[in-house]
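> My questions are about this predicted structure, shown below with the sequence.
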Amino acid sequence: MEVIDRAVLIANQLLVLGSVRGRRLILEHATRVIKLARLLQIFMDCDIRPTVTDEPSWQKLAPQNIAPTFAQRNAVRSWMHCRDGQSIALRPDGSADDLLRWLSDGSVPGSCIVLRVPMKHVADPHSRATTVRSDSARSAQDQLGQYFGTSVTIEGVRQRKLEQPPYMLISRKPFTKTSKPCPSARLRMGSFHGLMFSMAVWHGMIGMDAHE
């Protein structure tokens, strides 16, 4: 199978999982030009950038080995299930654990991790305190604490959807905790998602047999 076909398959899987929006592309009915155009459209719509050359912070996570490892394989699967827009959803089911473990083992520091807790009334101190103590918020904090310690930044944000779990973003540079939110420019995740997408394609091309 060609790389482009494998990339389309990965994109279709993300569509099925709800990680990206759009219509699935049937390989048998598409020319190479159509496949490329569809992939580029998905990359643009979802801000997925399959390159780390302009992001030194992600280069150390890029695979250096010839064959995929179990950790990489599991991290890719975890990413595909937990990607929610530009963020990583931290649900109580622990579906993000393999991705978090891989990031931690890849020396991503806790000071680069931002946990955002959606709230109905961000400006209300009582509402903020209640939401941060909720089961879903505590679960997300526990998940991150297990791998990144106490240096994770926690921010309350306005809830955008009826059911929105706490989610993780990764800063390009370590973030010093202040009363101000982490600057949005540091939390652009396009290259990270591009790296994970590329790893998913690479695993599929080589096969999902992994090595320690």
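Yes, it's here. Here the structure is a predicted model, which is why all the values come from computation and not from measurement.

> Show me the strands in this structure, by range?
Assigned by DSSP state E, the strands in the chain fall at 83-84, 87-89, 113-119, 153-158, 167-170.

> Now render those strands as a markdown table, adding distance to V33, mean pLDDT and mean neighbour count.
For glycine as for every other residue, the C-beta is placed from the backbone atoms N, C-alpha and C. Output for the strands of the chain, formatted as a markdown table (distance: least, CB to CB, whole Å; pLDDT from 0 to 100; neighbours: other CB atoms under 10 Å):
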| stretch | distance to V33 | mean pLDDT | mean neighbour count |
| --- | --- | --- | --- |
| strand 83-84 | 27 | 91 | 22 |
| strand 87-89 | 32 | 95 | 21 |
| strand 113-119 | 39 | 92 | 22 |
| strand 153-158 | 40 | 88 | 16 |
| strand 167-170 | 34 | 94 | 22 |
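
> average pLDDT for the lengthiest helix in the chain?
For the chain, the helix with the greatest residue count under DSSP state H is helix 190-206. Mean per-residue pLDDT for helix 190-206: 82.

> tell me which residues in it are buried?
190-201, 203-204 (16 or more other CB atoms under 10 Å).

> between the residues you listed, which is nearest R133?
F192 (29.6 Å; CB to CB).

> State the distance from the closest one to K180.
Distance, F192 to K180, by CB to CB, to the nearest Å: 23 Å.

> Number of residues surrounding the residue nearest to I42 when sequence neighbours are not counted?
Using CB to CB, 6 or more residues apart in numbering and skipping the chain neighbours, the partner closest in space to I42 is A11 (5.3 Å). For A11, the number of neighbouring residues by other CB atoms under 10 Å comes to 26.

> for the one 4 residues further on, same thing?
Using other CB under 10 Å, L15 has 16 other residues around it.

> With L162 as the reference, measure out to it.
22 Å.

> cool, A37 as well?
34 Å.

> who's more crowded, those two?
A37 (13 against 5).

> okay, the more buried one: pLDDT?
84.

> ok, the nearest residue to T150 once chain neighbours are set aside to S151 distance?
Nearest non-adjacent residue to T150, counting by CB to CB, 6+ apart: G110, 7.3 Å away. G110 sits 4 Å away from S151, going by CB to CB.

> what bits of the chain have low per-residue confidence?
1, 18-25, 27-28, 51-60, 62-67, 177-179, 205-212 (pLDDT under 70).

> hang on, isn't G145 packed against V152?
Yes - if you go by CB atoms under 8 Å, G145 and V152 touch, sitting 7.1 Å apart.

> if you count what's nearby, which of these two comes out ahead?
Higher neighbour count among G145 and V152: V152, with 21 against 14, using other CB under 10 Å.

> Tell me which residues touch the more buried one, please.
110, 113-115, 141, 144-145 (CB atoms under 8 Å, 6 or more residues apart in numbering).
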